[in-house]
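Asks: Return atomic coordinates for the entry below.
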Amino acid sequence: MKTSTNRKSTTQKRTGTPADRLAMLEVELKELRALAAAATIGEAFAAAAQARSKILEVRREIEHIHEESIIAAAPDEVAKLDLMIRRATADGSHVAAKDLLRARGEAVARRNAAKAEEEAKNRRDPAVMRAKIIEILRSMPDRAVDELLAEVRARREVSTN
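Replies: From the prediction side, this is the model:
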């Protein structure tokens, strides 16, 4: 029985949505498993070894597609970069991991700067200040709130006189 793995692999053509690619890869995986089984039965061990090698490639491609979907679903840029760093390190691409680590540091700095800017803006915003004061007053015991209000009224009386 002569078998051959010299056909065009669907992994070579990366078009369509990830779901389309996954479907194509699943079909290819089934075909390769059948090919490997047929080659083993027919004692075409070289073809069986080739088919098993292709099966590993297809499995890796499927795993990468799943990882890409996880990365795409990450909540922010830093989380995405963390996942990409893990993937690059697992793939043995230390140069890419180093570049991604540098990009992660820059993303953290941008995120911290934006957070600090937002906090500074909120400190000046009367509506935000009022909401924080109300939140604090709600967490205080009634007696402490009454004392605070009495002190505020006393200061108002002093400032108006």
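
Asks: residue ranges with poor pLDDT in the protein?
Replies: 1-15, 161 (pLDDT under 70).

Asks: And Met24, how far from Glu147?
Replies: Distance of Met24 to Glu147, given as C-beta to C-beta, to the nearest Å: 72 Å. Using the backbone N, CA and C atoms, a C-beta is placed for each residue, glycine as well.

Asks: who has more neighbours, the two?
Replies: Met24 (19 against 12; other C-beta atoms under 10 Å).

Asks: Give me the phi and psi angles of that one.
Replies: phi -60, psi -40 (degrees, to the nearest 10).

Asks: Which SSE is immediately downstream of the helix or strand where Arg130 lies?
Replies: Assigned by DSSP states H and E, Arg130 belongs to helix 126-139. The first helix or strand that comes after helix 126-139 along the chain, using DSSP H and E, is helix 142-160.

Asks: Flag every buried residue along that next one.
Replies: By neighbour count with 16 or more other C-beta atoms under 10 Å, helix 142-160 contains no buried residues.
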